[in-house]
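Novice: got a predicted structure plus its sequence, pasted below:
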Amino acid sequence: MNPVSGQALPPNLPRWRAGLLLGLLLITFAALIGRALYLQVVRNDFLQQKGDARASRVIEISANRGVITDRRGEVLAVSTPVESVWASPQDLEASRRQLQQLAAALRMDLSELKHRISDDEREFVYLKRRLPPEDAARVTALGVPGVFLQREYRRYYPAGDTLAHVIGFTSVDDAGQEGIELAFQDHLAGRPGSRRVIKDRLGRIVEDVESIRVPRPGQNLALSIDTKIQYLAYRELKEAVAQHRARAGGIVVLDARTGEVLALANVPTYNPNNRTSLTGPRARNRALTDVFEPGSTLKPFTAAAALESGIVRPESVVETAPGYMAIGRATIRDAHPEGRLTVSQVIQKSSNVGAAKLALSMPPERLWNVLNGAGFGGPTGSGFPGEAGGRLRPHKSWRPIEHATMSYGHGISVTLLQLARAYTIFANDGEIRPVSLVRLDAPVPGERVMSPETARAVRGMLELAVQPGGTAPRARVPGYRVAGKTGTAHKLQDGSYAADRYVSSFVGLAPASNPRLVVAVMLDEPSAGEYYGGAVAAPVFSKVVAGVLRMLNEPNDAPVEPLHLPADLPVVKEEV
Amino acid sequence: MMRLNLILLGAVIACALGVVTSQHKARKLFVELQKEQELTKRLEEDFGRLQLEQSTWARHGRIERIARQQLGMRVPEPSRIQIVPPPAGVSREAR
């Protein structure tokens, strides 16, 4: 035995064994380090990708389309979720019984269902789109493999046909197709977002990794429309169109002070919630997209132009006898010759000869300036898709006969909305504002197009026109002073005027002492006998204004007396 | 030296456990947040549906029909309406 403790190794063991062991250990370490390097550096991307593919997911975040409301916040268009049922014919395994149940839950024919899923190659086929959530729940309850649900949004319009033309509608993919839905598509539509998350084994999201795109929900939109006024206007218009057997009709109610559209209705209309019967003529928003020759409703602008140029005063006398007037080869006629009339009476009695004489006493440019300033021939600022601009030809190209006919609204075409907007000049002491279909929070500055004196003088003439002795006594409203002008025009057909087809209109403002409303009514081809604007359109104005002023709590500006029109009141027929 | 090592080892283990628990808590809270967000969305959708239902019931045509036919109401004659002028100093909009 060796007493030296430091000498633990038996001297007979060869030294290379320790060396070998050390070498093996080093090699093992090197192999481990090498493997780690290989995984962490060389193959890192691939492995990371595989790992992500198992746990990391990109999920879509849907964004709702904004709600459209009226000016008081009543809902006019709202998206609610619905379920679309789709199937993957490749994976679909259903017994005959299950197919029958599925067809019943989808309210489909069994044969049609079978036809849809007959193509085994396809991986995606819609079975039925836009089911109410309750019906969709019954489909899932069947538990047929290969049948799935997809959440979609459907737009509902609670106001239905009363407001269909203004709001328009969206396509099956929730994009605006008509009306406000189209005009404000960018504002209303949300932008779906997406983000990357990590899901655990059970499919729960455990970590939010990053936001790829922030979703932006659609913004809400408040229209200038007041549903109460809208309903009233629509109801009265519809009644008048039925009563006079007109082909179509339109009504516009403007807030005279701000240019906001309080109501805009057209007949015929459609139900935006069920568009199966929707055809072109029904879909048109006639008040904005259809132009017509306005006829006598344009005479006040002739009077205004004459007053502005200083050649006449309201009480100046115009000789309209003998009731006709030759210009070149054409003749302008008054069917009821009146003799000597003041300028006010020309408007009150609606004399064509009087208006033509006023127009011819000034250069065409003067009349053109007033008509152009009133917004004819140009857009109204509503921003509505498909709005027509009408036609006002440049005054340099007017022939004398056109110069004369322009004074009583022929040879010019306008939309009903343009006409209503133009009358805000008389309501606003000479200022005009763009019309707006959206609720305004601050008033838009107006543009002065004539002097306040002229505008007030014409307003006085318009008030005379609704008095007995004027063309529209039936436009009167108990308790309020109103003002307005009738229009009755032959329709243009293939370039010439049709003898028995008319467009009857009335444009007016109320209360005359301090106007708040401008209402324009138009009926296309009334065919139940009466066709004068004073008989067909004026009563609609009267009923709508009476109702709206009551809703607005407007104080009376005239004594409240029942308006009795004497039975033997001579009917003043305007010139057509 | 040995003592310091032991203390540091203890600290490392404590930290590691702390990380694990806080991660776990964070995930649990996150799952909860998810649930609440889903609830928000569902409630918003419900709200939309209820708004729709409300405005369908409150359609002016329907109200008018019920008022006229079932309740026998009518619009008063203009002569029976009295409009009270606002007292001085109160603007029209404030009414």
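Specialist: Ah, there it is.
Novice: chain B contacts on the stretch 1-150 of chain A?
Specialist: By the rule Cβ under 8 Å from any Cβ of the partner chain, the part of the stretch 1-150 of chain A lying against chain B is A:64, A:67, A:74-76, A:78-81. Where C-beta positions appear, they are placed from N, C-alpha and C, glycine not excepted.
Novice: meant to ask about chain A
Specialist: Along chain A, the residues adjacent to chain B under the rule Cβ under 8 Å from any Cβ are A:64, A:67, A:74-76, A:78-81, A:156, A:158-160, A:162, A:204-208, A:227-228, A:231, A:235, A:478-479, A:546-547, A:550, A:553-556, A:560-562.
Novice: out of those residues, which are inside strands?
Specialist: Counting by DSSP state E, the part of those found in strands is A:75-76, A:78-81, A:156, A:205-208.
Novice: what's the closest non-adjacent residue to the residue of the stretch 351-500 of chain A at minimum distance from chain B?
Specialist: Using Cβ to the nearest Cβ, the point where the stretch 351-500 of chain A gets nearest to chain B is A:Pro478, with a distance of 4.1 Å. The spatial neighbour of A:Pro478 that comes closest, neighbours along the chain excluded (Cβ to Cβ, 6 or more residues apart in numbering or on different chains), is B:Pro78 at 4.1 Å.
Novice: around that neighbour, count how many other residues there are.
Specialist: When counting by other Cβ atoms under 10 Å in any protein chain shown, one arrives at 18 neighbours for B:Pro78.
Novice: I figured it hits A:Val545, correct?
Specialist: No: under the criterion of Cβ atoms under 8 Å, B:Pro78 makes no contact with A:Val545, lying 11.8 Å away.
Novice: still on that earlier bit, identify the farthest-apart pair in the residues of the stretch 1-150 of chain A next to chain B.
Specialist: Every pair in these was compared (Cβ to Cβ); the two farthest apart turn out to be A:Glu74 and A:Pro81, at 21.7 Å.
Novice: in chain B, which spans are helices?
Specialist: For chain B, the helices identified by DSSP state H occupy B:2-57, B:60-65, in order along the chain.
Novice: comparing the ones you listed, which comes out most buried?
Specialist: Across the helices of chain B, averaging neighbours per residue (mean count of other Cβ atoms under 10 Å in any protein chain shown) puts helix B:60-65 on top, at a mean of 14.
Novice: residues touching A:Val252, list them.
Specialist: Counting by Cβ atoms under 8 Å, 6 or more residues apart in numbering or on different chains, A:Val252 touches A:261, A:263-264, A:287, A:416-417, A:419-420, A:518-520.
Novice: can you point out the helix or strand that includes the residue lying closest to it once chain neighbours are set aside?
Specialist: Distance criterion Cβ to Cβ, 6+ apart; nearest residue to A:Val252, sequence neighbours excluded, is A:Ala420 at 4.2 Å. Counting by DSSP states H and E, the element that carries A:Ala420 is helix A:416-427.
Novice: dump that helix to CSV, keeping only the CA atoms.
Specialist: Taking C-alpha atoms only, helix A:416-427 is exported to CSV below (Å, rounded to 0.1, in the frame of the first residue of the first chain):
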residue,chain,number,x,y,z
LEU,A,416,-88.3,69.7,-58.8
LEU,A,417,-85.5,70.1,-56.3
GLN,A,418,-83.9,73.0,-58.4
LEU,A,419,-87.3,74.7,-58.5
ALA,A,420,-87.8,74.4,-54.7
ARG,A,421,-84.3,75.7,-54.1
ALA,A,422,-84.8,78.6,-56.4
TYR,A,423,-87.8,79.7,-54.4
THR,A,424,-85.7,80.0,-51.3
ILE,A,425,-84.4,83.2,-52.8
PHE,A,426,-87.9,84.7,-52.3
ALA,A,427,-88.1,83.2,-48.8
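Novice: done for today, thanks.
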